[in-house]
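Asks: A predicted structure for the sequence below; I have some questions about it.
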Amino acid sequence: MGKLIVVSSGKGGVGKTTTCVNLASTLAHRGLNVVLVDGNLTTPNVGLHLGLTKFPITFNDVLKGNASLEDAIYVHPLGFKILPGSLSMRSFSEVNSRHLKRSLIELRDMFDIVLVDSAAGLGNEAMSIIKQADELLIVTNPELPAITDAFKIINHAKEIGIPVKGVVLNKVQGKGHDLGNQAIESLLETPITIEIAHHHDMRQALYKKTPFVHMRPNHHVTKKYHSLAHKVHTGEYVRRIEELEAENSFLRSILKTLGFNSK
Ligand SMILES: Nc1ncnc2c1ncn2[C@@H]1O[C@H](COP(=O)(O)OP(=O)(O)OP(=O)(O)O)[C@@H](O)[C@H]1O
Ligand SMILES: [Mg+2]
């Protein structure tokens, strides 16, 4: 049986769909059978990120009971499958929540990893998906409003017993106005799994309707997505000792250059 991983955030626009398309590509690259589900049911984005908008049958048809799951799953050229949403859905009240729950359970049996791109926040639409998750992956940015909103989701997930396995800190600029990692980790009471830099070519990837990892296969940001895929695949979300040591030795070398004698 596969894992159902819901990618969620408190605030909108932090990079959930971007994370999902790049993670789906890198997980498929590892040979896993992955389906990327557009769980943003009223404002679906996955198709837009991948340049695919004219799906004859969508997840919404499945949720209305008008089609089977198999009919609504498509193969992306990069190897992962997509269960797309439909731009025509007006309101979440059109969704049959029993069909939603059953579909997510069935998908777990069909795939190694079911990656769900969720709506932001704690509204009915987001919560109906979060409640079904085996694991939650939170995406946030290093700024206070995004962090406080992320904390709300993490807190709520803990209350209802859904494990928050990872935090993707996206759009990191490394400038003085970014919140520092230690502050973020203590505000979220959760360790950061991976940092993804703010990179102007992300916008180009969106324009080209292809995942960044495909457009720039050797880029350092792509390596981060491969590392995230490794963590998601193995379940070892927390930074490994070697990574922390590598970061520490980098810090030590900077301190040494600056004339500080740290061990
Ligand atoms: N690391 C990054 N560097 C620069 N731009 C980024 C990065 N990640 C995402 N973006 C840009 O931020 C914008 C929002 O990204 P995205 O659509 O993935 O966010 P979202 O959380 O899914 O939004 P929504 O809540 O509306 O679904 C897009 O223009 C995307 O290209
Ligand atoms: Mg989105």
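Replies: Nice, I can see it. Ligands and ions are numbered 1, 2, ... in the order given.
Asks: ranges for the strands of the stretch 151-263 of the chain?
Replies: Shown for the stretch 151-263 of the chain, the strands assigned by DSSP state E, counting those that start in this stretch span residues 164-172, 194-197.
Asks: just say which of the ones you listed is most tucked in.
Replies: strand 164-172 (a mean of 23; mean count of other Cβ atoms under 10 Å). To be clear about C-beta, it is placed using only N, CA and C from the backbone, and glycine gets the same treatment.
Asks: check which helix or strand covers the residue of the chain found nearest ligand 2.
Replies: Using Cβ to the ion, the closest approach of the chain to ligand 2 is made by T17 at 3.3 Å. T17 is part of helix 16-29, with elements assigned from DSSP states H and E.
Asks: and the helices in the stretch 51-200 of the chain, which stretches?
Replies: Ranges of helices in the stretch 51-200 of the chain, per DSSP state H, counting those that start in this stretch, are 59-63, 97-110, 124-130, 144-160, 181-188.
Asks: among the ones you listed, which is nearest A28?
Replies: helix 97-110 (14.7 Å; Cβ to Cβ).
Asks: restrict that closest one to CA atoms and write it as CSV.
Replies: Extracted C-alpha coordinates of helix 97-110, given in CSV (Å, rounded to 0.1, in the frame of the first residue of the first chain):
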residue,chain,number,x,y,z
SER,A,97,-17.1,13.8,0.5
ARG,A,98,-17.8,10.0,0.6
HIS,A,99,-16.5,9.8,-3.0
LEU,A,100,-13.5,11.9,-2.1
LYS,A,101,-12.6,9.7,0.8
ARG,A,102,-13.1,6.5,-1.2
SER,A,103,-11.0,7.9,-4.1
LEU,A,104,-8.1,8.7,-1.9
ILE,A,105,-8.2,5.3,-0.3
GLU,A,106,-8.3,3.6,-3.7
LEU,A,107,-5.4,5.7,-5.0
ARG,A,108,-3.3,4.5,-2.1
ASP,A,109,-3.8,0.9,-3.3
MET,A,110,-2.9,1.9,-6.9
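Asks: in stretch 103-122, which residues are buried?
Replies: Using 16 or more other Cβ atoms under 10 Å as the test for burial, stretch 103-122 gives 103-104, 107-108, 111-122.
Asks: from those, which is closest to ligand 1?
Replies: Nearest to ligand 1 out of those is A120 (Cβ to the nearest ligand atom; 4.2 Å).
Asks: surely that closest one meets V7?
Replies: No - using Cβ atoms under 8 Å as the test, A120 is too far from V7 to be in contact (10.5 Å).
Asks: tell me, what's touching those two both at once?
Replies: Common contacts of A120 and V7 (Cβ atoms under 8 Å, 6 or more residues apart in numbering): K16.
Asks: no further questions, thank you.
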